[in-house]
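Enquirer: the sequence isn't on hand, but the structure is:
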């Protein structure tokens, strides 16, 4: 009898230890700072990057904490069901500590906080930046699928996105030149290949109206004469004021002048106003990117 009880107790200990090891299982994922070992299926996750929240929401993952303003309305439900843990640039470290997270995700505007947040839990930098925005975004989607045991869901989202991308590429093929501009009230900047919005040229195959636009983070400041002289067949417009909910002239107001009106784009009604918050604030999120390419495909397809 004693031997039986000892064996039963030993079996129980083995079961407990096995469960403990299962709970402690990790997965290695690619981040902006290299491969990092991350807990598998973390229960309490804080996210300081809107593109990451966008993709997590598409996967059905609800973070425990997010920043105070997500800017895009399609993430309202995520925000309503999470604690506020700071802003894009300034984490609320007291709130972070109180929540006791299993994983913290930062990126882009919040990336500089990764070391400070690593004091509280595993923190990963999932910044999406550079020439291959789409490739990085799909890699982030794959990583989140691995972390949250949602590989099938991630694969389905990637398949859906790639189908939309193929349709957009077909619509933009040989459809003329384009100039990407961002308005900020009365100010206008241009973005070409190699810039933060340059993936619209490189991935969709849209010919730039100007090849040598400065690839600066905030674009190249331009005049209305610049737009007239570039004479694009298409104008692709991002409105920063609208994206961040600030006060100032809308893109439609800023661009409605006699010089821009001389362009082929304006005269043919080929001016595309993107959902600015999606591409400017949530850029790189799988939902954001699909919305942008769907808008472009519809506009180019309608013209053809």
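Expert: Now that the structure is in, tell me what you want to look at. Bear in mind that the values here come from a model prediction, so they are computed numbers and not experimental data.
Enquirer: quick one: buried residues of stretch 181-197?
Expert: 181-185, 188-193, 195-197 (16 or more other C-beta atoms under 10 Å). Bear in mind the C-beta positions are built from the backbone N, C-alpha and C, glycine included.
Enquirer: ignore the last one, stretch 241-259
Expert: Across stretch 241-259, burial judged by 16+ other C-beta under 10 Å covers 241, 242, 243, 249, 251, 254, 255.
Enquirer: pLDDT (mean, whole number) over the strand or helix carrying the third one?
Expert: Secondary-structure element containing residue 243, defined by DSSP states H and E: helix 240-244. Per-region confidence: helix 240-244 scores 95 on mean pLDDT.
Enquirer: also stretch 97-105?
Expert: The average pLDDT within stretch 97-105 is 98.
Enquirer: likewise for stretch 47-66?
Expert: Average pLDDT, stretch 47-66: 98.
Enquirer: buried set for it?
Expert: Neighbour-count burial for stretch 47-66 [16+ other C-beta under 10 Å]: 47-59, 61, 63-66.
Enquirer: of the residues you listed, which belong to strands?
Expert: 47, 65, 66 (DSSP state E).
Enquirer: how close does the first one sit to residue 63?
Expert: With distances defined as C-beta to C-beta, to the nearest Å, the gap from residue 47 to residue 63 amounts to 5 Å.
Enquirer: now for those two: what residues contact both?
Expert: Listed contacts common to residue 47 and residue 63 are 53, 56; contacts here mean C-beta atoms under 8 Å, 6 or more residues apart in numbering.
Enquirer: count the residues that sit near the closest residue to residue 177 other than its chain neighbours.
Expert: Distances taken as C-beta to C-beta, 6 or more residues apart in numbering place residue 209 nearest to residue 177, at 4.1 Å, with adjacent residues excluded. The number of residues packed near residue 209 is 24, by other C-beta atoms under 10 Å.
Enquirer: now swap in the one 3 residues further on and tell me
Expert: A total of 9 residues lie near residue 212 under the criterion other C-beta under 10 Å.
Enquirer: again, but for residue 162
Expert: Neighbours of residue 162 under the rule other C-beta under 10 Å: 12.
Enquirer: in a helix, that's where it is, yeah?
Expert: Yes - remark: residue 162 belongs to a helix, assigned using DSSP: H, G, I helix; E, B strand; the rest coil.
Enquirer: how much space between the closest residue to residue 239 other than its chain neighbours and residue 262?
Expert: Excluding the flanking residues, the one nearest residue 239 by C-beta to C-beta, 6+ apart is residue 251, at 3.8 Å. Between residue 251 and residue 262 the computed distance is 18 Å (C-beta to C-beta).
Enquirer: same check on residue 72?
Expert: 34 Å.
Enquirer: out of these two, which sits in the busier spot?
Expert: Neighbour totals were compared for residue 72 and residue 262, and residue 72 leads with 25 against 15 (other C-beta under 10 Å).
Enquirer: give the contact list for that one.
Expert: Residue 72 makes contacts with 50, 54, 277, 278, 281, 282, 288, as judged by C-beta under 8 Å, 6+ apart.
Enquirer: tell me which element the third one is part of?
Expert: Spelled out, that is residue 277. Using DSSP H and E, residue 277 sits within helix 276-280.
Enquirer: next secondary structure after that helix?
Expert: Tracing the chain past helix 276-280, the next element assigned as helix or strand by DSSP H and E is helix 286-303.
Enquirer: now stretch 79-89: average pLDDT?
Expert: For stretch 79-89, the per-residue pLDDT averages 96.
Enquirer: measure that stretch end to end?
Expert: End-to-end distance for stretch 79-89: 17 Å, by C-alpha to C-alpha, to the nearest Å.
Enquirer: buried set for it?
Expert: Neighbour-count burial for stretch 79-89 [16+ other C-beta under 10 Å]: 79, 82, 85, 86, 88.
Enquirer: same check, this time on stretch 206-213
Expert: Using 16+ other C-beta under 10 Å as the test for burial, stretch 206-213 gives 206, 207, 208, 209, 210, 213.
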